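**Q** Generate a structure from the sequence data that follows.
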Amino acid sequence: MRREPFGMSAGASRLSASERASDGGSRYRLRDLFTPLDTLLASGGDPRLALDANDRVNAYGCAASPEPELWNFASATASTISQMAYDRAALAREDLMHKCLFDEVEIAFDARCEDMREELRGHLALSSRIDVVFSPSGTDSQLHALFVARAVLGAAPVTIVVGADQTGSGTPHTARGHHFSTMTPGGVAVRKDGAVTGLAGDSIAVPLIDMATGIAMRTDADAAVLRAVETSLTQGRRVLLQIMDSSKLGWRAPSEACLDEIARRWPRKVQIVVDACQARLGRRRLRAYLDRGYMVLMTGSKFFGGPAFSGALLLPKGLSRSIDRMGAIAPGIFDYAGRCDWPVAWTTLRSRFERRPNFGQWLRWEAALAEIGSYYAVPGAFRARMLAELAAGIDSMIALSPSLRAVPAAIEKSGADDEEFAQATIFPFTLLRGGKSVSIAETSAVHRALARDMAEEISDSAADRQVAAQRCLVGQPVRLERQDGAPQFVLRLCVGARLLTEAWSPDPMQAQRNVQHVLDRIAHVLVKIELLLDRGAVTAAPAKSAFEV
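**A** Numbering: from 1, shown residues only. Modelled structure (predicted):
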């Protein structure tokens, strides 16, 4: 197996192994910092980050540098990097270069990562006793959670995945302790779905979608979760229960009553980890999960709009002692983490990992923290009001469109802990023509065409061509399997943090105009969809695309 340094993607290394050995690890890593910023931002992860040689975008249609002319309503999938975030990443790199003149690269880098932990806790209003483990993506963080769960539970658990049909495509692999890609962040070539040495185990999928009556949440979700937990414990197995808040369609499960029942019936036998990678939950709810002893998966690259990918595992107080005193370590985890990913307080565990800075992961988190800080600098009252106005407006526009059919929300979020996220921020819909669903192929073609200037394919009025010319991203198609029929694709309009950050103004009249401007853009996107379907222009879109499953 070939290993590349964490800071560079596979194949990006410019020195041979012998040159690295003679040059010294620190100086070699310092050279990596002089790599073009766009290249660094797309490094230190799995092949999903790779930029296409021709159009210079990744599998999600996002470039590594700002594209302000591209409208982004795709935050449930990935977002283009903003100029503000890009500038922060550039300044952070310059600052680290300066610090490396006076200290070793690894020492300076480690200190910066610890500062970022503190900054993230501050933005999320978390206690300093909450531990943060950084990773290249939410999928990598799932492997970290499994690694931690084995230490906490004292045995290899079975992972029960709630919402297995609405989570990341890598989850079926990571839930079983298997590789989710062909390359690890450590630069090791592996076999996708092959076992991660020392982490392999079993998993149970609990899907949420009931396709028998349309696209809706199954009514027996809580019962299915309880049944899976009870069966596993009866078999003498410990359980890692991965719950959903929220899914690709914006759903949450199981209910709080179900979680209370699990705590009452099986204390200390079930470790819960919350899939909050979408980051579409209030800070009160986030704190409540951690206070209950749950681990939480999150990213800075979904709702918050940082560049793809940036993952984190949040750990409640009380778990660190079990982790830092861990005995044998699953050898496979060394390919998914470096020393700087773990909190500095975990001295024993950290000493067993290599000192290899992941510059790409770090810079993506620098960019994400810029977005997170800007979002929470906006007054809470405005955030709640704007999300409510956008939700009402988007629901109304989808309902009025003859070519769109909304997917109903699974639950009503109305608790105080939800704060501004009492409102939906993901708006899924299917496409129709003549009242009938269009094909999967055409749905995917519409998604691709939205991101392209399609003016040449629309030969009608100048106004229509102007609509067709605007490039925009919406959430990638979600493939929904049906037991007795063909699968269906769902597109998503997504509201992300940057929309609110850019709309905020201390002048109430200007702020309201800004909100209306966002709604006008969303209307423009929906009109473009109508044009593409009506004119049959989507057949001109290229065949290449990446889809969520």
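
**Q** Now do the buried residues in the lengthiest helix in the chain.
**A** In the chain, assigned by DSSP state H, the helix with the most residues is helix 508-535. By neighbour count, and taking 16 or more other Cβ atoms under 10 Å as the criterion, the buried residues in helix 508-535 are 511, 514-515, 518-519, 522-523, 525-533, 535. C-beta coordinates here come from the backbone N, C-alpha and C atoms, glycine included.

**Q** try stretch 38-52
**A** By neighbour count on 16+ other Cβ under 10 Å, the buried set for stretch 38-52 is 39-46, 48-51.

**Q** can I get the CA coordinates of it in CSV?
**A** This file holds the C-alpha atoms of stretch 38-52, laid out as CSV (Å, rounded to 0.1, in the frame of the first residue of the first chain):
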residue,chain,number,x,y,z
ASP,A,38,-7.0,25.6,-4.2
THR,A,39,-5.0,22.4,-4.3
LEU,A,40,-4.6,22.3,-0.5
LEU,A,41,-8.4,22.9,0.0
ALA,A,42,-9.1,19.8,-2.1
SER,A,43,-6.5,17.6,-0.4
GLY,A,44,-6.3,15.5,2.7
GLY,A,45,-9.5,13.5,2.2
ASP,A,46,-11.0,10.8,0.0
PRO,A,47,-11.6,10.9,-3.8
ARG,A,48,-14.8,12.8,-3.4
LEU,A,49,-12.7,15.9,-3.0
ALA,A,50,-10.8,15.5,-6.3
LEU,A,51,-11.3,18.3,-8.9
ASP,A,52,-12.2,17.3,-12.4
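
**Q** for the stretch 301-450 of the chain, what are the low-confidence residue spans?
**A** Residues of the stretch 301-450 of the chain that meet the criterion pLDDT under 70 lie in 410-414.

**Q** Please tell me how far the residue lying closest to Tyr294 once chain neighbours are set aside sits from Val152.
**A** Once its chain neighbours are removed from consideration, Tyr294 has its nearest residue in Ile272; the separation is 4.4 Å (Cβ to Cβ, 6 or more residues apart in numbering). Distance of Ile272 to Val152, given as Cβ to Cβ, to the nearest Å: 11 Å.

**Q** Check which element follows the helix or strand hosting Ala381 along the chain.
**A** The secondary structure element spanning Ala381 is helix 380-400 (assigned by DSSP states H and E). In the C-terminal direction, the helix or strand that comes right after helix 380-400 (DSSP H and E) is strand 404-406.

**Q** Report the distance from that next one to the chain centre.
**A** With Cα atoms, centre = their mean, to the nearest Å as the basis, the distance from the averaged C-alpha position of strand 404-406 to the chain average is 25 Å.

**Q** Contact partners for the closest residue to Ala503 other than its chain neighbours?
**A** With Cβ to Cβ, 6+ apart as the measure, Asn514 is the residue that lies nearest to Ala503, at 3.8 Å, once sequence neighbours are left out. Residues in contact with Asn514, defined by Cβ atoms under 8 Å, 6 or more residues apart in numbering, are 502-505.

**Q** ok, of those, which come out buried?
**A** Buried positions within the contacts of Asn514, assessed by neighbour count (16+ other Cβ under 10 Å), are 503-504.

**Q** Show only the entries of the contacts of Asn514 found in strands.
**A** Helix and strand membership here follows DSSP state E; of these, not one is in strands.

**Q** any idea which of the contacts of Asn514 is closest to Gly214?
**A** The shortest distance between Gly214 and any of the contacts of Asn514, using Cβ to Cβ, involves Ala503 and amounts to 33.6 Å.

**Q** Isn't that closest one up against Arg385?
**A** No: with contact defined as Cβ atoms under 8 Å, Ala503 and Arg385 do not form a contacting pair (10.6 Å).

**Q** picking that back up, what is the orientation angle of the longest helix of the chain with helix 380-400?
**A** Note on geometry: by axes from the mean of the first three to the mean of the last three Cα atoms, to 10 degrees, helix 508-535 and helix 380-400 are set 30 degrees apart in direction.

**Q** and helix 508-535, how far out from the chain's middle?
**A** Using Cα atoms, centre = their mean, we find the averaged C-alpha position of helix 508-535 to lie 25 Å away from the chain's own average C-alpha position.

**Q** Check the residue nearest to Ala503 and give its pLDDT.
**A** Confidence at Asn514, expressed as pLDDT, is 98.

**Q** any idea how far it lies from Gln466?
**A** Counting by Cβ to Cβ, the gap between Asn514 and Gln466 amounts to 22 Å.

**Q** Nearest spatial neighbour of Ser43, chain-adjacent residues omitted?
**A** In this structure, Ser43 finds its nearest non-sequential neighbour in Gly360, 3.6 Å apart by Cβ to Cβ, 6+ apart.

**Q** What count of nearby residues applies to that neighbour?
**A** Burial measure for Gly360: 29 neighbouring residues, criterion other Cβ atoms under 10 Å.

**Q** I'd say it and Asp38 touch.
**A** No: using Cβ under 8 Å, Gly360 and Asp38 do not qualify as a contacting pair, with a distance of 10.7 Å.

**Q** what residue ranges in this structure are flagged as low confidence?
**A** Judged by pLDDT under 70, the chain has its weakly predicted residues at 1-28, 213, 410-414, 483-485, 537-549.

**Q** Quick check: the gap between the nearest residue to Pro331 once chain neighbours are set aside and Gln235.
**A** Excluding its sequence neighbours, the residue lying closest to Pro331 (Cβ to Cβ, 6+ apart) is Thr197, at 4.6 Å. From Thr197 across to Gln235, the span is 25 Å (Cβ to Cβ).

**Q** Glu106 too?
**A** Distance of Glu106 to Gln235, computed by Cβ to Cβ: 44 Å.

**Q** residue ranges of the strands in the stretch 401-549 of the chain, please?
**A** Listed in chain order, the strands found in the stretch 401-549 of the chain under DSSP state E, counting those that start in this stretch are 404-406, 426-433, 436-437, 472-482, 485-494.

**Q** what's in contact with the first one?
**A** Outside of strand 404-406, the residues within contact range by Cβ under 8 Å, 6+ apart are 395, 398-399, 427-432, 437, 526, 529.

**Q** how about a cut-off of 10 Å?
**A** 214-215, 394-395, 397-399, 427-432, 435, 437, 490-491, 493, 526, 529-530, 533 (Cβ atoms under 10 Å, 6 or more residues apart in numbering).

**Q** go on, the shortest one?
**A** With contact meaning Cβ under 10 Å, 6+ apart, strand 436-437 is reached by 405, 430-431, 443, 486, 488-489.

**Q** Need the residues touching each of Gly360 and Asp38.
**A** Shared contacts of Gly360 and Asp38, defined by Cβ under 10 Å, 6+ apart, are found at Ala64.

**Q** Which residues are in contact with the closest residue to Pro487 other than its chain neighbours?
**A** Spatially, and ignoring its direct neighbours in sequence, Pro487 is nearest to Glu481 (5.0 Å; Cβ to Cβ, 6+ apart). Under the criterion of Cβ under 10 Å, 6+ apart, the neighbours of Glu481 are 165, 207, 209, 211, 487-488, 549.

**Q** Going through these, which ones are buried?
**A** Buried members of the contacts of Glu481, counted by 16+ other Cβ under 10 Å: 165, 207, 209, 211, 488.

**Q** Go through those residues and name the one nearest Glu366.
**A** Of all the buried ones among the contacts of Glu481, the one sitting nearest Glu366 is Asp165; the distance, using Cβ to Cβ, is 33.8 Å.

**Q** Pretty sure the closest one sits in a helix.
**A** No: according to DSSP: H, G, I helix; E, B strand; the rest coil, the state of Asp165 is coil, so it is not within a helix.

**Q** Enumerate every residue touching the residue nearest to it when sequence neighbours are not counted.
**A** In space, Asp165 comes closest to Pro207 once its chain neighbours are excluded; the distance is 4.0 Å by Cβ to Cβ, 6+ apart. Listed by Cβ under 10 Å, 6+ apart, the contact partners of Pro207 are 161-166, 217-218, 221, 224, 480-481.
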